[in-house]
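In: Let's see this in three dimensions:
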Amino acid sequence: MSEQDSMIYCSNCKAPLCEVWPRDESKKIETRIKALCCHCGDSSFVKTFNGTIFVGATEYSGMDSMETTETEYSGREITKQNLNIHTIKVKDYVK
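Out: Residues are numbered from 1 along each chain as shown. From the prediction side, this is the model:
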């Protein structure tokens, strides 16, 4: 996965909001991520990742909180989930 594929950007101001790294792609879990922008108040487009993941901050944006919604299960295992990431500004982003 390239850096472009793993980075989530604001759909409006293009600030890098968070980075996602695959942990175990053999796990049958689909995570749809949307990050809320601390720079302009908008959000990213939804991006889908398969397998387990790590989510981290960027040079410009930190992570304030994460909220999981619309979780689906197969037995006790999560199969699908939506993740909303609330970010905080680390430093000003200039295009």
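
In: what's the nearest residue to residue 30 if we skip its chain neighbours?
Out: Nearest residue to residue 30 in three dimensions, chain neighbours excluded: residue 80, at 4.8 Å (C-beta to C-beta, 6 or more residues apart in numbering). (Glycine included, C-beta is placed from N, CA and C.)

In: On the strand side of things, show who that neighbour bridges to.
Out: residue 30, residue 72 (DSSP bridges).

In: hey, where'd the helices end up in this structure?
Out: Taking DSSP state H as the criterion, the chain carries its helices at 3-6.

In: Next one, pLDDT for the residue lying farthest from the centre of it please.
Out: Distance from the C-alpha centroid of the chain peaks at residue 75, with 25.4 Å (C-alpha atoms, centre = their mean). With respect to pLDDT, residue 75 scores 90.

In: Leaving aside the residues adjacent along the chain, what's closest to the most centrally placed residue in the chain?
Out: In the chain, the residue lying closest to the centroid (C-alpha atoms, centre = their mean) is residue 33, at 4.4 Å. Using C-beta to C-beta, 6+ apart and skipping the chain neighbours, the partner closest in space to residue 33 is residue 83 (4.8 Å).
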